[in-house]
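Colleague: below are the sequence and a predicted model for it; my questions follow.
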Amino acid sequence: MGYSRCVTSTILVIGGVAGGMSAAARLRRLDEDAHIIVLERGPHVSFANCGLPYYVGGEIADQSALLVQTPESLAASLALDVRPGHDVVGIDPAAKTVQVRTSDGQTELAYDVLIVSPGVVAARPPVPGLDHPLVHTLRTVDDAIALRELAQGATRAVVLGAGFIGLEAAEALRGRGIDVDLIELADHVLPPLDAEPAWWVTSELKRLGIRVHTSTSVTGIADADGRARVTASDGTVVDADLVVLSAGTRPDTAVFEAAGMACERGSIVVDDHGRTNLPDVYAAGDATVSVDAVTAVRRPVQLAGPANRAGRLVADALRQESPRRIPRPLGTAIVRVGELAAAITGANRAALTAAGREFATIRIHPADHAGYFPGATTMHLLVHIDPSTGQILGAQGVGANGVDKRIDVLATAMRGGLRAPDLMDLDLCYAPPFGSAKDPVTMIGFVADNVLTGQTTLAQVEDLEQLRAQALVLDVRSAGEFASGHIPEAVNIPHTQLRGRLDEVRQLAGGRAVTTVCGVGVRSYIAQRVLSAAGFQASSLAGGMTSVRAWFGDDADAVLVKEDAR
Ligand code: FAD
C-alpha cells in the first residue's frame, strides 16, 4: 500500500450522506472560499437510504432514482470535493490529521475543522450461522441491489426484527409475492409504539399474509441445500431464499472512539452545536447522543430529519455568530404497512414509565374525514399527557388516511410548547373530503380540557384488572353490541336508558365507583356525566372496547364474554 501526506488545510467531512452532506452543502452556502472535502467509505454519496426498501419491493423501479447527487453534480453546483471510496481509518486529533484508506493505498489528510457523520451499521446478534450468504442487511444501495436480485425468484423470506426498516422490508418482499416470516424479540411489532396501537399494525401484517412471530428470537441459521434454514425460539423452522437482518444498529464510531472522542455506548457525545470533546471536531446524525425532548434521557435518535438538520446547524455553528442550537429531537417517525400508516412522536408508555413520569392517556378512534363523505376510514390516536399541566408527552396514530397530518400537527404543538387543551384552539383546514369540523386533533384538545378541568375522569385499559376488582363496569352500548363481546362481569345499561335506571345502577354499584365503557369512548363519556351529576364517583374508559380489543390483541376473544357463550 502506498502512503502519502497531503498538507492541505481544510474542512473535512466524514460520511457523505444525510448529516455529512447537509453540513458540507450548508458550509458552502455560508462560505464560498472554504475548501470542503467529503470522505465517504462507500461507492455512493447522498443516496436515498429511506428509499432502499421501496427499491427492493420494486415501487422504485430504477436504481438511479436512489442516487440523489453524485460527486460530479456536487462539484458542479457546490464546489465540493467529494471522494467516495475513502474510508477514514484513524484520526490524530493532536496533529489534526485523518488517515484514509482507498483502493490506491493509505493517505493522510490535514484538517482545520473535522465534521463526522458516520451513521450506524446493522447490529449483529450472536446467532450461530448469521454469516450465511443469504443473510443481508438493508443499509446501502449495494444491500438493496443484492436483496432485489435475491427476491427475484424467491418464494420464502425471513425478516429478523420488526422495527421501521424490518416492517418496510417485510412489506416490500410480500409485495413481490414472497412468503415472509417476520421475527421480533419484543412482545409487539414496531417497539417504539405502545403495544395497543402496534396491534393494529400486526393485524395489517397478517392481512397481508405475513407471518408475525413476536417474543421470539432466532436461535440459529444453517445451510439447507443452498437455502438458509432459520430456526426460531417458538419452534418455527423456515428454509428461506433470503434473510433480512434488521435487528437494531450500532454506531459506526470505533475509529473515532479510538482517537479519544467521548462516546456513550458508542454514540458520540456532542453539545448543542454538535461540538465533540476533541478540538475543532464536530459530529452530527445517527451516531450522536441526543437528549430526549420529553424525558431528557440521553439516547441516539436515528432519523433522517434530525440528521439533516444537525448537519446544517453544525455548519451554522462554524460560520455564524449566534447559531441556532440543535434542538432536542422528538423522534417523530412514520411507516407504511400495507394500507395503514403508523406514526409516533415524543415518548411512549415505556419511556414515560421508565422516566417516572405521571401521565394520562387519551385514546380516540375518529374518522379521518367527515363520516358522511365517501371513503372515510377510522384512525386510532393515542396521546399521553401530563394530567396536571396538560403537557403533551407523546402521540401515536395508526390508520389508513390522515395519520401523518395529525401526528405532524401534534409534533408541531409539542415543539411549540402548546398544552393539550390548547389543541382545541387550532384552526385546522376542513372540508368533508379532508377532515371534520371537529378535527381529531381538536378532539384531543376537547378531551384533554375535560380531563384537566375535572369534567371527565379517564379510566385506562391497562388498569382494567384493578377496575374490575374495585368498580362496577357499566357497559353503555346497545344490547346487541354488548352481546358481541364485553368485559367479564360488566353490566349492560344502554346510555339512552341510563337516566331512568339510576337506582338500578346505585344498587349494582353497592357504594363502589362506576366505570363506563362503550365502543370508542363517546357514549361512555355522556354516561359518565350523567352518573357524575347524580352523585356517583364515575370514570369513562378511554378508547372504549376498540382500545380494549387492541389491548388484548389475539387474546381478546378469549378474554371478552360473548352472550351466547355464557
Ligand atoms: P448516514 O446517512 O448513514 O451516513 C453515514 C455515512 O458515513 C455512510 O454512508 C458511511 O459509509 C459513512 N462512513 C461511516 N464511517 C466512515 C468512515 N470511517 N470513513 C468514511 N465514511 C464513513 N429515516 C427517516 O427519518 N425516515 C425513513 O423513512 C427512513 N428510512 C430508512 C430506511 C433505511 C433502509 C435506512 C437504512 C435508514 C432509514 N432512515 C429513515 C434513517 C436515515 O436514513 C438516517 O437517520 C440518516 O441517514 C442518518 O444520517 P447520518 O448522516 O447520521 O448517517
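Modeller: Cool, the structure landed.
Colleague: mind giving me the packing neighbours of the helix or strand containing Ala411?
Modeller: In this structure, Ala411 sits in helix 403-415 according to DSSP states H and E. Under the contact criterion of 3 or more CB pairs under 8 Å, 6 or more residues apart in numbering; DSSP states H and E, helix 403-415 touches strand 333-337, strand 340-346, strand 379-385, strand 392-399, helix 440-453. Quick note: C-beta positions are derived from backbone N, CA and C, even for glycine.
Colleague: could you redo the last one with a cut-off of 6 Å?
Modeller: strand 340-346, strand 392-399, helix 440-453 (3 or more CB pairs under 6 Å, 6 or more residues apart in numbering; DSSP states H and E).
Colleague: just the C-alphas of the helix or strand hosting Leu205, formatted as CSV.
Modeller: For Leu205, the enclosing helix or strand under DSSP H and E is helix 195-207. The C-alpha trace of helix 195-207 is given here as CSV (Å, rounded to 0.1, in the frame of the first residue of the first chain):
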residue,chain,number,x,y,z
ALA,A,195,-48.5,-2.4,22.4
GLU,A,196,-52.0,-1.3,21.7
PRO,A,197,-51.5,0.7,18.5
ALA,A,198,-48.9,-1.8,17.4
TRP,A,199,-51.7,-4.5,17.4
TRP,A,200,-53.4,-2.7,14.5
VAL,A,201,-50.1,-2.9,12.7
THR,A,202,-49.8,-6.6,13.4
SER,A,203,-53.4,-7.1,12.1
GLU,A,204,-52.4,-5.4,8.9
LEU,A,205,-49.3,-7.5,8.5
LYS,A,206,-51.3,-10.6,9.0
ARG,A,207,-53.9,-9.4,6.5
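Colleague: picking up where we left off before, to Ser73, which of the helices and strands packed on helix 403-415 lies closest?
Modeller: strand 340-346 (32.3 Å; CB to CB).
Colleague: interface residues of this structure facing the ligand?
Modeller: By CB under 6 Å from any ligand atom, the part of the chain that sits against the ligand consists of 14-20, 39-42, 49-50, 52-53, 87-88, 117-119, 138-139, 165, 252, 255, 285-287, 302-305, 307.
Colleague: filter the residues you listed down to the buried ones and hand me the PyMOL line.
Modeller: To isolate the buried ones among the residues of the chain next to the ligand in PyMOL, judged by 16 or more other CB atoms under 10 Å, type:
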select buried, resi 14+15+16+17+18+19+20+39+40+41+42+49+52+53+87+88+117+118+119+138+139+165+252+255+285+286+287+302+303+304+307
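Colleague: low-confidence ranges, the protein, go.
Modeller: Scanning the chain for pLDDT under 70 picks out 1-9, 565-566.
Colleague: quick check: the residue of it nearest the ligand.
Modeller: Gly285 (2.2 Å; CB to the nearest ligand atom).
Colleague: shouldn't that residue be in contact with Ser117?
Modeller: Yes. Using CB atoms under 6 Å, Gly285 is in contact with Ser117, at 4.1 Å.
Colleague: quick one: common contacting residues for these two?
Modeller: Residues within reach of Gly285 and of Ser117 at once, by CB atoms under 6 Å, 6 or more residues apart in numbering, are Gly19.
Colleague: how far is the helix holding Leu205 from where the chain is centred?
Modeller: For helix 195-207, the separation from the chain centroid amounts to 14 Å (computed by CA atoms, centre = their mean, to the nearest Å).
Colleague: again with stretch 297-316
Modeller: How far stretch 297-316 lies from its chain's middle: 16 Å, per CA atoms, centre = their mean.
Colleague: all strands of the stretch 151-300 of the chain, in order?
Modeller: 156-160, 179-183, 211-213, 218-224, 227-232, 237-240, 242-245, 249-251, 263-264, 267-268, 281-283, 290-291, 298-299 (DSSP state E, counting those that start in this stretch).
Colleague: list the contacts of the closest residue to Met21 other than its chain neighbours.
Modeller: Among residues not flanking Met21 along the chain, Ser46 sits closest, at 5.0 Å (CB to CB, 6 or more residues apart in numbering). By CB under 6 Å, 6+ apart, the residues touching Ser46 are Met21, Val68, Gln69.
Colleague: most neighbours of all those, which one?
Modeller: Of all the contacts of Ser46, the highest neighbour tally under other CB atoms under 10 Å goes to Met21, namely 27 neighbours.
Colleague: against Val98, how distant is it?
Modeller: According to CB to CB, to the nearest Å, Met21 stands 18 Å off from Val98.
Colleague: next one: Tyr430
Modeller: On the measure of CB to CB, Tyr430 and Val98 end up 55 Å apart.
Colleague: who's more crowded, these two?
Modeller: Taking neighbours as other CB under 10 Å, Tyr430 and Val98 compare with Val98 leading, 26 against 15.
Colleague: okay, now Val38: neighbour count?
Modeller: Using other CB under 10 Å, Val38 has 28 neighbouring residues.
Colleague: and if you look at Asp368?
Modeller: Neighbourhood size, Asp368 [other CB under 10 Å]: 23.
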